[in-house]
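Novice: the sequence and its predicted three-dimensional model are supplied below.
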Amino acid sequence: MRRLASAIGITFVVFFATHSIREPRVLHAQVRAQTVAPSAPADVRDWDNTASRLLRSAELRVRLQRADTLLPRRTIEQLDQYHRGVRVWGGSLSRQLDDSSAAVSVFGVVYAGITLDPTPTLTESDAVAAIERIGGARFSSARRPELVVLPIDDGFKLAWVGEVMTRRDVVRYFVDAANGQLIRHYGMLQRQVANAAIGHGTGVLGDDKKVSATSSGGAFLASDPLRPPSIVTYDMRGNTVRAVNILNDVIPLSTADVASSTSNNWTDAAVVDAHTYSAYTYDYYFKRFGRRGLDNADHPLRNMVHSVQRADLFEPGPIFGDLFFNAFYCGDCAGGIMVYGEGIPGGTYLASGQFLDYFSGALDVVAHELTHGVTNYSSHLEYVNESGALNEAFSDIMGTSVEFFFQPPGTGLLRADYLIGEDIARAALPGALDGVRSMSDPALFDQPDHYSKLVVLPPDEDNDNGGVHTNSGIPNHAFYLAIEGGTNRTSGIRVQGVGASNREQIEKVFYRGFTQLMPANATFSVARAVTLRAAQDLYGLNSAPYNAVRDAWTAVGVN
Amino acid sequence: MRALATISVWLALTGSAGLGTAAAQSATAPPASKGPARPRIRIGANGGVQPSSIAITSSTTTPIYTENETVNATYSVGSGVFFDGGVLVRLAGGLHAGVTVSSFMKQNDGDITATVPHPFFYNTPRSVSGVAAGLTRNELVTHVQAAYVIRAGKSIDIAVSVGPSWFHVTQDLVTGITVSERYPYDTTTFTGASTARVSADSVGVNAGADVAFKLSKNIGIGGLVRYSHASVDFPVSGALTSSKSDAGGFQAGGGIRLYF
């Protein structure tokens, strides 16, 4: 018998390692979420055996299986939990196997005690109608809702889940499969700048860079023919209706939407930066980790710019705010696409005293958003609460890492630093700050730098899905401390970082932890466990990177 | 074409045999006490070795990836065989004037170093090196000579000469390279070179010595050493931005001599 305790302190489940999830010995009446983060080899073997048995009984199914890009002869599996053929929302395991197929690590969250009948009363068509009615938006034919078992506070619900793009957001709705009532909803746009306000923009940064284009019919298209994946940048030329229809999969992208130049001398700065910075991000992942794009299989990279015109911001009618002052990766839109906000008209600025430039103009912003795509194809971190904050943090971590890879360190424009978005959210008024977040000093932008300051908000789109852009400050700061070292202002704990010259070590640790070992419903505590496991895998127990990561998490109050 | 006033010495060692000396005497021959009469015309044909090692450089610049690819090549012309033929006409006493045409041909390799721009990033050139093999060099040189012939014995005479030389040099030069590259394009591999045959003329000087041994009145054998030199600038066109070459060098050989 093995006793397993929840790391999040909400529930406890005890069950026999030889039993399936359907046969637990329940000690708590509520949802039995089991956080899986064994560290002892014997426990890892037990969970490996359990996972294998659940795979045979179809209670777990392999979602992803791929070779480890950082360690030879390792395989990573992402396993989703199922209940009688229906996916259990948020139930997943990440299993690392060696060349003899023995488990090296197992992390995840699984649910026990599911007894509901997985036969829905509502048909799929009924679910589409319900979601369209609730969301006030059309459900494209390209997307279908999925029937899932949804863990809720007092048990489980059979639910249909689907996403539609509203005027505010792409919203994920969960409706009761019995009666069509709304159970849960939250925004899916993985934003760079949350709650941005109207400000002032000045245009381009003026740096010269190469653009990899395709010659076609006497013109040049923003389609990169040299990199392994298709990298295409689409210019919607301010046609918002068309842009939104494309994002909702009502109409497809066409060649006519591809940004073009007659001379291959590109003057549209938003196009140039979207096209090149998305390619740089691909380069970084390839060179640093051997990863081939978002899905590690050269999934196409699509960029969309000018989905609105800046001047339309003050026009009467519906406002798609995210298309002005945000950037987001929508994995379900047009086969997965990056959408870069247009910024704000000249002469205006945000309440924060910042003006916003074209969002593609910041390398860390572009890399941040594309990393959401990486997350979608790897850990699938649920974009709500702590897992959502981890999702955001990983995007900040990779965004900053890409910046340090391509730009010289320093302060100011086109310099690598620990600010997020400083190249496009620039101080316009005295006392205003550059950027939207700081990994070195999260408090600068009202983010917590310690777990004791975790901001607890309702997990809906009106509250940033539980403060995912706020609480990301905690893992962000841990990453910073692990590299640069220093003292956490809240705990007073000092960390010996690996040093800037060794930043590659910490980048690899976090990459490995977040893309290979992290389960979808991870908490900060699980993130600590997976990054420590990654550090041990890569550099050994008690190595300098291992100690730096351990001490950094401890300093920010995550144990 | 550029003429360089490089001093050269042409030493012609002419040997003449003691056979048929009477026939070798001319109407203006010196008194019998001074030996046979000097021939008026001396014709020589030689083959030999040109052991000099000439260094050539060339450079090309080709726009690619919005920057310039630069290819530098150096060629070492090793030892080779030359052939020449010439004539000396006696003007007065031992003083002669003449002309010799010399041909030198050699195939050589070119060592290439190049910097190829990165397709994605400025100021991130990739270095590559390679060899272009089988490049042909041909020097056709016309030596104009003022020679003085010294009789060193009954059948042996020695000619020393000096004069200007007109060089016509043909050389295969590297005009570009081909490389193989693949993502992420941080390195590149040399796969070949394109070449062009260029020619240039230049004026230099020559000096030499020739020792001849007469086998009969009209025939002899001889050996020579010669040094000639010029500097050549090959014409610049297309991607080729510069190429300089020395020409000539030491030659040593031997052959037949005809006297009239």
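Specialist: In hand now; what should we look at? Numbering: from 1, shown residues only, chains lettered A, B, ... in the order given.
Novice: where does the chain have low pLDDT?
Specialist: Reading this off chain A. Scanning chain A with the threshold set as pLDDT under 70 gives A:1-33, A:137-143, A:165-170, A:187-204, A:316-319.
Novice: um, chain B though
Specialist: B:1-36, B:237-240.
Novice: do that again at 50, thanks
Specialist: When the per-residue scores of chain B are filtered using pLDDT under 50, the ranges that remain are B:1-33.
Novice: in it, which spans are strands?
Specialist: B:10-16, B:41-50, B:54-64, B:67-77, B:80-92, B:95-116, B:126-151, B:156-180, B:189-214, B:219-233, B:240-259 (DSSP state E).
Novice: pipe those strands into CSV and attach distance to chain A per row.
Specialist: C-beta here means a position set from N, CA and C on the backbone, and glycine is covered the same way. Putting the strands of chain B into CSV (distance: least, CB to the nearest CB, whole Å) gives the following:
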stretch, distance to chain A
strand B:10-16, 58
strand B:41-50, 49
strand B:54-64, 12
strand B:67-77, 9
strand B:80-92, 45
strand B:95-116, 14
strand B:126-151, 14
strand B:156-180, 14
strand B:189-214, 16
strand B:219-233, 36
strand B:240-259, 24
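Novice: could you report the neighbour count for the closest residue to residue A:379 other than its chain neighbours?
Specialist: On the basis of CB to CB, 6 or more residues apart in numbering or on different chains, the spatially nearest residue to residue A:379 that is not a chain neighbour turns out to be residue A:518, at 3.8 Å. Burial measure for residue A:518: 31 neighbouring residues, criterion other CB atoms under 10 Å in any protein chain shown.
Novice: still on that earlier bit, which one of the strands of chain B is the most hemmed in?
Specialist: Per residue and on average, the most neighbours among these fall to strand B:10-16, with a mean of 27 (mean count of other CB atoms under 10 Å in any protein chain shown).
Novice: for residue A:126, what are its contacts?
Specialist: If you count contacts by CB atoms under 8 Å, 6 or more residues apart in numbering or on different chains, residue A:126 has them with residue A:180.
Novice: quick one: secondary structure of it?
Specialist: Put simply, residue A:126 is helix when judged by DSSP: H, G, I helix; E, B strand; the rest coil.
Novice: separation between it and residue A:147?
Specialist: According to CB to CB, to the nearest Å, residue A:126 stands 12 Å off from residue A:147.
Novice: swap in residue B:158?
Specialist: Distance from residue B:158 to residue A:147, by CB to CB: 111 Å.
Novice: again, but for residue A:251
Specialist: For residue A:251 relative to residue A:147 (CB to CB), the value is 27 Å.
Novice: now residue A:479
Specialist: As it turns out, when the distance is counted by CB to CB, residue A:479 lies 37 Å from residue A:147.
Novice: of these two, who's got more company?
Specialist: Neighbour totals were compared for residue A:479 and residue A:147, and residue A:479 leads with 28 against 19 (other CB under 10 Å).
Novice: which element is that one on?
Specialist: Element membership of residue A:479 [criterion: DSSP states H and E] is helix A:473-484.
Novice: any idea how far that helix is from the chain center?
Specialist: 17 Å (CA atoms, centre = their mean, to the nearest Å).
Novice: note down every partner strand of whichever helix or strand comes after that helix and its orientation.
Specialist: For helix A:473-484, the succeeding helix or strand toward the C-terminus, using DSSP H and E, is strand A:486-487. Strand partners for strand A:486-487, identified by DSSP bridges, are recorded as strand A:494-495 (antiparallel).
Novice: which residues does the partner strand contact?
Specialist: With CB under 8 Å, 6+ apart as the contact definition, strand A:494-495 has outside contacts at A:481-482, A:485-488, A:548, A:551-552, A:555.
Novice: what of stretch A:398-418?
Specialist: Outside stretch A:398-418, the residues that touch it by CB under 8 Å, 6+ apart are A:205, A:207, A:280-281, A:284, A:287-288, A:363-368, A:371, A:374, A:420, A:422-423, A:438-440, A:479-480, A:484, A:500, A:503, A:507, A:511.
Novice: near chain B too, which of those residues?
Specialist: Among these, the ones lying close to chain B by the criterion of CB under 8 Å from any CB of the partner chain are A:280, A:287.
Novice: which ChimeraX command selects the buried ones in the contacts of stretch A:398-418?
Specialist: Command for ChimeraX that selects the buried part of these, burial taken from 16 or more other CB atoms under 10 Å in any protein chain shown:
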select /A:205,280,281,284,288,363,364,365,366,367,368,371,374,420,422,423,438,439,440,479,480,484,503,507,511
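Novice: among the contacts of stretch A:398-418, which lie within strands?
Specialist: Assigned to strands by DSSP E, the following of the contacts of stretch A:398-418 qualify: A:420, A:438.
Novice: in helices, which of the contacts of stretch A:398-418 appear?
Specialist: A:280-281, A:284, A:363-368, A:371, A:374, A:479-480, A:484, A:503, A:507, A:511 (DSSP state H).
Novice: dump the contacts of strand A:494-495 to TSV, plus distance to residue B:85 and neighbour count.
Specialist: Supplementary listing: those in TSV, determined by distance: CB to CB, whole Å; neighbours: other CB atoms under 10 Å in any protein chain shown:
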residue	distance to residue B:85	neighbour count
A:481	86	29
A:482	83	30
A:485	83	18
A:486	86	18
A:487	91	12
A:488	93	20
A:548	83	27
A:551	89	20
A:552	87	29
A:555	92	25
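Novice: looking at the residues you listed, spot the one nearest chain B.
Specialist: Proximity of the contacts of strand A:494-495 to chain B (CB to the nearest CB) peaks at residue A:482, which lies at 27.1 Å.
Novice: what's the burial count for residue A:43?
Specialist: Other residues lying near residue A:43 total 16 when counted by other CB under 10 Å.
Novice: over to residue A:469?
Specialist: With neighbours defined by other CB under 10 Å, the count for residue A:469 comes to 24.
Novice: pretty sure it contacts residue A:391?
Specialist: No. The criterion here is CB atoms under 8 Å, and residue A:469 misses it with residue A:391 at 10.3 Å.
Novice: quick check on residue A:531: phi, psi?
Specialist: phi -70, psi -30 (degrees, to the nearest 10).
Novice: what's the nearest residue to it if we skip its chain neighbours?
Specialist: Counting by CB to CB, 6+ apart, the residue nearest residue A:531 is residue A:513, at 3.8 Å.
Novice: please name every helix or strand in contact with the helix holding residue A:479.
Specialist: helix A:385-406, helix A:503-512, helix A:524-539, helix A:544-555 (3 or more CB pairs under 8 Å, 6 or more residues apart in numbering or on different chains; DSSP states H and E).
Novice: what's the most buried one of those?
Specialist: The highest average neighbour count among the helices and strands packed on helix A:473-484, using mean count of other CB under 10 Å, belongs to helix A:385-406 at a mean of 27.
Novice: using CSV, write out every CA atom in it.
Specialist: Coordinates of the C-alpha atoms in helix A:385-406 are reproduced here as CSV (Å, rounded to 0.1, in the frame of the first residue of the first chain):
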residue,chain,number,x,y,z
ASN,A,385,-5.0,29.8,-11.5
GLU,A,386,-1.5,28.5,-10.6
SER,A,387,-1.1,26.4,-13.8
GLY,A,388,-2.1,29.5,-15.7
ALA,A,389,0.4,31.6,-13.9
LEU,A,390,3.0,28.9,-14.7
ASN,A,391,1.9,29.0,-18.3
GLU,A,392,2.4,32.8,-18.3
ALA,A,393,5.7,32.6,-16.5
PHE,A,394,7.2,30.1,-18.9
SER,A,395,6.3,32.4,-21.7
ASP,A,396,8.1,35.3,-19.9
ILE,A,397,11.0,33.0,-19.2
MET,A,398,11.5,32.0,-22.7
GLY,A,399,10.7,35.4,-24.0
THR,A,400,13.5,36.9,-21.9
SER,A,401,15.8,34.0,-22.8
VAL,A,402,15.3,34.6,-26.5
GLU,A,403,16.1,38.3,-25.9
PHE,A,404,19.4,37.4,-24.2
PHE,A,405,20.2,35.0,-27.1
PHE,A,406,19.9,37.7,-29.8
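Novice: tell me how many other residues crowd residue A:225.
Specialist: Applying other CB under 10 Å, we find 11 other residues in the vicinity of residue A:225.
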